[in-house]
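In: With the sequence up front, the predicted model follows.
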Amino acid sequence: MTDDPHPHHLTPSYRSTVLRAPTRPPVRPALDPEAAELLDPVYGHQPVGPLDHDLTRQHEGEPIGERIIVTGRVLDSRGRAVPDTLVEIWQANATGRYAHPVDRHPAPLDPNFTGSGRCLTDADGRYRFVTIKPGAYPWRNHPNAWRPAHIHFSVFGTAFTQRLITQMYFPGDPLFAHDPILQSVPRPQDRERLVCAFDLDTTEPEWALGYQWDVVLGATPFEED
Amino acid sequence: MPAPSLPPTPSQTVGPFFAHALPYAEGPFAVPEDHPDAIELHGRVLDGAGEPVPDALLEICQPGLFGRCPTEADGSYRFRTARPDTYIPLLVFARGLLKPVWTRVYLTGDAPFLAGLDPVRRGTLVASPSGERSYRFDVRLQGDRETVFLHHVPPRG
């Protein structure tokens, strides 16, 4: 499908795909409206706490870095708001280091930054996070490989088939052209939709820079008009 | 169906560093231990060389139930969930998967959807009994015994 915005599984420039990309064409099942894949996922184990959206207030002190607000709307394929859906994010700290034991990047950890948050969208489908701008970081995909700064997003939607995990990038990053993960998205106009926009109206004076980024979920087979 | 007006946001890999964000203690347990229809669903995620995938995240969704389980160093996962009427939808994210893969876990080979699949491959969707109320289901991302994966996005007009 030439208008498919998603990456191909096999993207050899991203080395880890070589042994993990499925090689057989996927089977398209006929889904009836009661199909289990179309259920609204129930993720009721963990209620969302009032400070879960603020990654700068999860520890005793404030994290080091450029404080930012990241907000936007979760929309369906017709542009309608998806209210009350769970959005989860995670990211590196300002130095480009994740609070994860596998991350060996020799950059400092920040005791005041874990780098994970979540929130529910409001009636307009809007999410809002307060965090610090993540740093770029090196990885071992190829010589001198660096990931552009990004925030990982996980979004649910109203049907399990809409489940999306992706990455949001920051405008004008010089690493875009060198990043096989962003470049795995075939078309430039689709890559651009992974980049947030700086927004002065979202920016709070004397406090934090603001960025806007909307998420559009995939269509479901039985969407109402 | 009229053509959707907005293209979906492209998928990107979950990457290797989701452990501090997405897994949670109750995630693998979609039902309590004493649930009358509780079953254990376990297995491994393997790559094209048959090596374990230690950084995958699996999710299941059934009526009123949701489960999430990361794989261990040996590629293993373990859910407790309810015996399904037909199948359990299973979604797999991993480092090296730029978009997730969908599959289905059937507990028996007797289902119309399975009958329509290549007979050589349909067994990849059928879990093996591995004890009382326990089923084993391995996910092979690639190779001779690659799991049948599904595509759920409708054609765009």
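Out: That came through, no problem. Numbering: from 1, shown residues only, chains lettered A, B, ... in the order given.

In: And the residue nearest the centre of chain B?
Out: What sits nearest the mean C-alpha location of chain B, by C-alpha atoms, centre = their mean, is residue B:90, with 2.7 Å.

In: OK, contacts around the residue most central in space within chain A?
Out: Chain A has residue A:153 as the residue nearest its centroid, 2.3 Å off, counting by C-alpha atoms, centre = their mean. Listed by C-beta atoms under 8 Å, 6 or more residues apart in numbering or on different chains, the contact set of residue A:153 reads A:87, A:88, A:89, A:164, A:165, A:166, A:167, A:168, A:215. (Each C-beta comes from the backbone N, C-alpha and C, glycine too.)

In: Also residue A:166?
Out: By C-beta under 8 Å, 6+ apart, the contact list for residue A:166 reads A:152, A:153, A:155, A:194, A:215, B:9, B:10, B:11, B:12.

In: Same list (those residues) but as CSV, adding distance to residue B:106 and pLDDT.
Out: CSV is the format used below for the contacts of residue A:166 (distance: C-beta to C-beta, whole Å; pLDDT from 0 to 100):
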residue, distance to residue B:106, pLDDT
A:152, 32, 98
A:153, 32, 98
A:155, 28, 97
A:194, 36, 98
A:215, 32, 98
B:9, 31, 98
B:10, 31, 98
B:11, 26, 98
B:12, 30, 98
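
In: quick one: residue A:154 and residue A:74, what's the gap?
Out: 11 Å (C-beta to C-beta, to the nearest Å).

In: what sits in contact with each of these two?
Out: residue A:87.

In: Please say which of these two ends up with more neighbours.
Out: Set residue A:154 next to residue A:74 and count neighbours by other C-beta atoms under 10 Å in any protein chain shown: residue A:74 wins out with 27 against 20.

In: Helix, strand or coil: sort out the more buried one for me.
Out: strand (DSSP: H, G, I helix; E, B strand; the rest coil).

In: now do residue B:42
Out: Classification of residue B:42 using three-state DSSP returns strand.

In: residues touching the closest residue to residue A:52 other than its chain neighbours, list them.
Out: Leaving aside its sequence neighbours, residue A:52 sits nearest to residue A:118 (C-beta to C-beta, 6 or more residues apart in numbering or on different chains; 5.0 Å). Residue A:118 is in contact with A:48, A:52, A:53, A:86, A:87, A:88, A:89, counting by C-beta under 8 Å, 6+ apart.

In: cutoff 7 Å now
Out: By C-beta atoms under 7 Å, 6 or more residues apart in numbering or on different chains, the residues touching residue A:118 are A:48, A:52, A:86, A:87, A:88.

In: ranking the residues you listed by neighbours, who comes first?
Out: residue A:87 (25 neighbours).

In: Am I right that that one is in a helix?
Out: No - under three-state DSSP, residue A:87 sits outside any helix and is assigned strand.

In: Specify the beta-bridge partners of it.
Out: Here residue A:87 sits in beta bridges with residue A:119, residue A:155, going by DSSP bridges.

In: wait, doesn't it sit right on residue A:121?
Out: Yes - the pair residue A:87 / residue A:121 is scored as a contact, 6.4 Å apart, by C-beta atoms under 7 Å.

In: chain center to stretch B:92-104: distance?
Out: How far stretch B:92-104 lies from its chain's middle: 9 Å, per C-alpha atoms, centre = their mean, to the nearest Å.

In: Not counting its own residues, what contacts it?
Out: Residues from elsewhere that reach stretch B:92-104 (C-beta under 7 Å, 6+ apart): A:6-7, A:9, A:11, A:14, A:16-17, A:20, A:22, A:165, A:184, B:11-16, B:45, B:53, B:55-58, B:87-91, B:125, B:139, B:147-150, B:152.

In: One more: stretch A:209-222?
Out: A:31, A:33, A:38, A:66, A:68-77, A:82, A:153, A:155, A:157, A:159, A:161-162, A:164, A:168, A:196-199, A:202-204, B:4, B:6-9, B:153-154.

In: Swap in 6 Å and give it another go.
Out: A:31, A:33, A:68-70, A:72-77, A:155, A:157, A:159, A:161-162, A:168, A:196-199, A:202-203, B:4, B:6, B:8-9, B:153-154 (C-beta atoms under 6 Å, 6 or more residues apart in numbering or on different chains).

In: who touches both of residue A:87 and residue A:121?
Out: Counting by C-beta under 6 Å, 6+ apart, the contacts common to residue A:87 and residue A:121 are residue A:127.

In: low pLDDT regions in the chain?
Out: I went with chain A, as the question did not name one. Applying pLDDT under 70 to chain A flags residues A:1-2, A:44-45, A:222-225.

In: you looked at the wrong chain, it should be chain B
Out: For chain B, the stretches with pLDDT under 70 are B:1-4, B:153-157.

In: hey, where'd the helices end up in it?
Out: With DSSP state H, the ranges of helices along chain B come out as B:112-115.

In: Okay, strands next: where are they in it?
Out: Assigned by DSSP state E, chain B shows strands spanning B:38-46, B:56-62, B:65-70, B:76-82, B:87-94, B:101-106, B:128-129, B:134-136, B:139-140.
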